[in-house]
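Enquirer: This is a predicted model, with the sequence first.
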Amino acid sequence: MPVTHNSKTIKLELPKSGASTEIYLFGATVTSWRTAGGKERLFLSSKAALDGSAAIRGGIPIVFPVFGPPSQHADAPEVVKALDKHGFARIHDWSVSSNAPTVDEEDKVSVTLELRTADKPDIAAVWPYETVLQYTVTLSPQELKNELRVNYVEGQGEMPFHALLHTYFLVPDSTKASVQGLKGMQYIDKVKGGEAQLDTDNFVFDAQSIDRVHMGKHSTSAGETPRDVKMLYNVEEQGLGKGIEVTRSKELKDTVVWNCAEEGNKSIGDLEEGGWKRYVCVEPGSVHGFETLPKGSKWVAEQTLRALL
């Protein structure tokens, strides 16, 4: 069966190619993505909480409606300041949409999950905007597409928010992995206390802590579509390929790049020992400045992850 699910997870499979993905209903967090041949592409910490007691460490958590601690944003509206780090989307149960999962002749399968704030009293108590989040995951043999729809149903005034897909890529060795495609993009260096820097085209994770918010629309001229970003393994391993290409819609104008390095690993309780060497986070989002959405409108963004053979 292309789609199977239980009370905790939903799994999409393409038997012909061996590709699959698993999504936890808690947080709508994608925890596994295997491309054709069954090669895993996402990092999931062996110490991750999978019982709903905490946000899942690894996979693709959904950050909404604030990125990081609200206190880090000088422009955060008062309503945002009452929220937890990374918001509420990743720490609540979602439901499978009433729309049936789809399978087409091109060897693709997709499913949509929903989170309705009106059904969550603890969210409604701190978030005065009735919101429906819809998250569609589409699997094909070498790609995974993640589409996030933010529907603002009812409330007073415009709704402020951040949105980001906090993707953890599994890598053979993070000290050798590199990211390409961010040439000329100014970034905020959170390791250096928020100091603005200008990036280079190809940088390697050399065992140093990195936490950068690359700002802008990833364009070199007005009207240009967002540039692709490539996360390269730079390690030869049977069946792994070169890396992952990350494309995104124009709504995801910023890119966060993160690895905690060895010292940071020690302070993260749900990250396994040495876990820092097994992941690289490349996270498309809109987190530099708050988006605003009028009542009755929607915001739609997507990323596509493609294995580079």
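Expert: Structure received. Numbers count the residues shown, from 1 in each chain.

Enquirer: any idea how far the residue nearest to the spatial centre of the chain is from R248?
Expert: Centroid-nearest residue in the chain, with CA atoms, centre = their mean: L165, separated by 1.9 Å. From L165 across to R248, the span is 8 Å (CB to CB, to the nearest Å). C-beta coordinates here come from the backbone N, C-alpha and C atoms, glycine included.

Enquirer: Okay, strands next: where are they in the stretch 101-250 of the chain?
Expert: Counting by DSSP state E, counting those that start in this stretch, the segments of the stretch 101-250 of the chain that form strands are 102-104, 108-116, 130-139, 143-154, 159-165, 168-170, 178-180, 186-189, 195-198, 202-204, 210-214, 229-232, 243-248.

Enquirer: right, so of those strands, which gets closest to N259?
Expert: Ranking these by their distance to N259 (criterion: CB to CB) puts strand 210-214 first, at 5.3 Å.

Enquirer: strands paired with that closest one, and their directions?
Expert: Counting by DSSP bridges, the strands paired with strand 210-214 are strand 186-189 (antiparallel), strand 254-259 (antiparallel).

Enquirer: So which of those strands is the most surrounded?
Expert: strand 254-259 (a mean of 23; mean count of other CB atoms under 10 Å).

Enquirer: buried set for the helix or strand that comes right after that strand?
Expert: Next helix or strand after strand 254-259 toward the C-terminus (DSSP states H and E): helix 261-265. Buried residues in helix 261-265, counted by 16 or more other CB atoms under 10 Å: A261, G264, N265.

Enquirer: show me the contacts for the second one.
Expert: If I follow you right, that is G264. By CB atoms under 8 Å, 6 or more residues apart in numbering, the contact set of G264 is S209, W276.

Enquirer: Helices of the stretch 1-150 of the chain, start to end?
Expert: For the stretch 1-150 of the chain, the helices defined by DSSP state H, counting those that start in this stretch occupy 78-81, 121-124.

Enquirer: do you know which of these lies nearest E236?
Expert: When these are compared (using CB to CB), the closest one is helix 78-81, at 45.3 Å.

Enquirer: What are the contacting residues of the closest one?
Expert: Under CB under 8 Å, 6+ apart, the answer for helix 78-81 is P65, V66, P70, S71, H73, V126, W127, P128, P160, F290.

Enquirer: A19 is nearest to which of the strands paired with strand 210-214?
Expert: Using CB to CB, these put strand 254-259 closest to A19, at 25.4 Å.

Enquirer: and the closest one, average pLDDT?
Expert: Mean per-residue pLDDT for strand 254-259: 95.

Enquirer: For Y168, which non-adjacent residue is closest in space?
Expert: The shortest distance from Y168 to any non-neighbouring residue, by CB to CB, 6 or more residues apart in numbering, is to F43 (4.3 Å).

Enquirer: tell me the pLDDT at that neighbour?
Expert: 98.

Enquirer: swap in the one 5 residues further on?
Expert: On the pLDDT scale, A48 is placed at 98.

Enquirer: measure the closest residue to it other than its chain neighbours to G27 for me?
Expert: Once flanking residues are discounted, A48 sits nearest to R57: 4.2 Å by CB to CB, 6+ apart. Using CB to CB, R57 is found at 11 Å from G27.

Enquirer: Now for the residue in the chain sticking out farthest from the centre: which residues touch it?
Expert: Using CA atoms, centre = their mean, the residue of the chain lying farthest from its centre is Q156. It sits 28.7 Å away. The contact partners of Q156, by CB under 8 Å, 6+ apart, come to P128.

Enquirer: What of L139?
Expert: Contacts for L139 (CB under 8 Å, 6+ apart) come out as L12, L14, A19, S20, T21, W33, K108, V109, S110.

Enquirer: hmm, try it at 7 Å
Expert: L12, L14, A19, T21, K108, V109 (CB atoms under 7 Å, 6 or more residues apart in numbering).

Enquirer: Closest one to P141 out of those residues, please.
Expert: Nearest to P141 among those, with distances taken as CB to CB, is A19, at 4.9 Å.

Enquirer: just to revisit the earlier point, OK, contacts around the residue nearest to Y168?
Expert: Counted by CB under 7 Å, 6+ apart, F43 has contacts G58, Y168, F169, L170, R278, Y279.

Enquirer: roughly how far apart are the fourth one and V213?
Expert: Counting by CB to CB, the gap from L170 to V213 is 23 Å.

Enquirer: and if you look at the second one?
Expert: Distance of Y168 to V213, given as CB to CB: 17 Å.
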